[in-house]
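Trainee: what follows is a protein structure lacking sequence information:
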């Protein structure tokens with residue numbers, strides 16, 4: 001029987017961050033959009049329709065119809081009366097992660113969402129970080145985990161969403177009980193590492209293997225410091241909140257020719273390092289930014305398609321900006337910058353993932369011996385919320 005290598009015995013992410021959920025499943029596309037104004041216009045159009053017309057615009061599924069009785073989304077002020085009788089204003093749209101590096105907007109109304117995953121909404125606040133699993137693609141150098149500060153609406157095929165904290169306010173890390181203490185002891189830190197450092201290390205070294213997503217750990221303090229520094233840089237770039245990332249002046253992308261009012265096609269000119277959007281032109285765009293993939297698909301192509309894909313006429317999704325908004329150009333320049341800066345970290349990630357399995361590895365076997373694994377079943381379930389009132393259908397309140 002072949003011996004088990006340290007790499008084969010790397011702890012699974014599913015054990016290190018045991019609580020997870022599938023991303024929300026909307027069941028219809030119109031409650032999300034790259035701009036918030038379109039969502040309010042869509043809602044107004046739905047409110048003007050009645051009876052069968054409202055039902056057709058809504059998009060009936062087995063889980064939702066305009067007559068469904070639905071509770072309020074945790075932490076959101078939206079109606080709970082039957083949508084068939086609704087006439088009030090649209091709930092204020094919120095930012096969500098619509099795709100890799102693509103923040104969009106969502107109407108946070110439970111009546112519009114087939115499977116909202118309320119347990120994720122309960123812990124979504126300014127302290128939360130969501131780790132989003134991506135599809136394994138052979139020979140791909142793209143990240144296997146994305147990190148978001150806003151609620152993710154998508155993951156890779158079969159992928160899960162793993163919040164860093166089990167409770168609002170950054171309380172109770174979603175980590176295997178005893179893991180922080182064991183790491184602190186083995187690394188000789190004199191204290192337990194910060195949960196964000198564990199997430200930073202994870203995003204820097206996580207990989208797909210025969211056991212799914214695994215996270216090689218190390219007891220080497222110097223290697224740990226390098227990995228967490230790299231990972232924190234990746235977290236900052238992926239979260240895209242706070243100070244905006246910038247490339248040095250000579251490499252900073254600019255609009256060289258104005259983008260058309262209604263763009264149709266995007267191409268990349270490698271010789272000129274330019275993004276051609278019909279007759280519009282943005283440069284310089286490093287090849288590494290254009291080639292950046294997540295789950296085997298180019299991020300920039302997906303981002304552009306989400307804003308130019310032609311919806312079916314007469315649907316709510318057809319209500320959209322008549323011309324390309326200036327805000328989208330600013331967002332595009334930022335995404336190019338983020339991808340370019342992340343691509344620059346690729347060599348460091350590659351070096352780290354080569355070193356980690358053989359440099360003082362902390363294996364799954366060691367964690368089992370130390371009693372960190374297996375995790376108790378309760379750690380795989382959402383934390384109980386005993387003091388949180390949420391409005392039920394037709395204005396009733398439920399104690400969870």
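Mentor: Received the coordinates, thanks. A quick note: this is a predicted structure, and the numbers were derived from the prediction, not measured. Numbers count the residues shown, from 1 in each chain.
Trainee: any figure for the gap between residue 92 and residue 107?
Mentor: 9 Å (Cβ to Cβ, to the nearest Å). Every C-beta, even on glycine, is put in place using the N, C-alpha and C of the backbone.
Trainee: looking at those two, which is more packed in?
Mentor: residue 107 (23 against 14; other Cβ atoms under 10 Å).
Trainee: quick one: contacts for the more buried one?
Mentor: 31-32, 39, 43, 78, 90-91, 93 (Cβ atoms under 8 Å, 6 or more residues apart in numbering).
Trainee: one more: residue 44?
Mentor: residue 90.
Trainee: can you point out the helix or strand that includes it?
Mentor: According to DSSP states H and E, residue 44 maps onto helix 36-48.
Trainee: show the subsequent helix or strand relative to that helix.
Mentor: Next element after helix 36-48 (DSSP H and E): helix 51-58.
Trainee: sheet partners, orientation included, of the helix or strand that that next one is followed by?
Mentor: Using DSSP H and E, the next helix or strand after helix 51-58 towards the C-terminus is strand 94-99. Pairing partners of strand 94-99, with direction, according to DSSP bridges: strand 102-106 (antiparallel), strand 151-152 (parallel).
Trainee: what's the closest of these to residue 250?
Mentor: Closest of the strands paired with strand 94-99 to residue 250 is strand 102-106, at 27.3 Å (criterion: Cβ to Cβ).
Trainee: list of residues touching the closest one?
Mentor: 31-36, 39, 93-98, 150-151, 153, 240, 299, 302-303, 306, 331, 335.
Trainee: for ChimeraX, write the selection for the buried entries among those residues.
Mentor: Per 16 or more other Cβ atoms under 10 Å, the buried members of the contacts of strand 102-106 correspond to this ChimeraX selection:
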select :31,32,33,34,35,36,39,93,94,96,97,98,150,151,153,240,299,302,303,331,335
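Trainee: hang on, isn't residue 33 packed against residue 43?
Mentor: No - at 11.0 Å, residue 33 does not count as touching residue 43 under the criterion of Cβ atoms under 8 Å.
Trainee: and the strands in the stretch 301-400 of the chain, which stretches?
Mentor: 361-362, 389-391, 397-399 (DSSP state E, counting those that start in this stretch).
Trainee: can you flag the weakest of these by average pLDDT?
Mentor: Least confident of the strands of the stretch 301-400 of the chain, judged by mean pLDDT, is strand 397-399 with a mean of 49.
Trainee: follow-up on the earlier one: pick the most deeply packed of the strands paired with strand 94-99.
Mentor: strand 151-152 (a mean of 24; mean count of other Cβ atoms under 10 Å).
Trainee: can you give me the mean pLDDT across that strand?
Mentor: 97.
Trainee: residues near residue 135, how many?
Mentor: For residue 135, using other Cβ under 10 Å, the count is 17.
Trainee: how about it, what does it touch?
Mentor: 156-159, 295-296.
Trainee: what about the nearest residue to it once chain neighbours are set aside, how many neighbours?
Mentor: Counting by Cβ to Cβ, 6 or more residues apart in numbering, residue 135 lies nearest to residue 156, which is 3.4 Å off, once chain neighbours are set aside. Neighbour count of residue 156, defined by other Cβ under 10 Å: 22.
Trainee: so which residues of the protein form helices?
Mentor: Using DSSP state H, the helices assigned to the chain run over residues 13-16, 36-48, 51-58, 118-121, 179-187, 195-205, 221-239, 287-290, 299-308, 326-344, 346-355, 364-369.
Trainee: tell me the mean pLDDT over the third one?
Mentor: Put plainly, it is helix 51-58. Mean predicted confidence for helix 51-58 is 97.
Trainee: now that helix, how far from the centre of its chain.
Mentor: Relative to its chain's centre, helix 51-58 lies at 32 Å (Cα atoms, centre = their mean, to the nearest Å).
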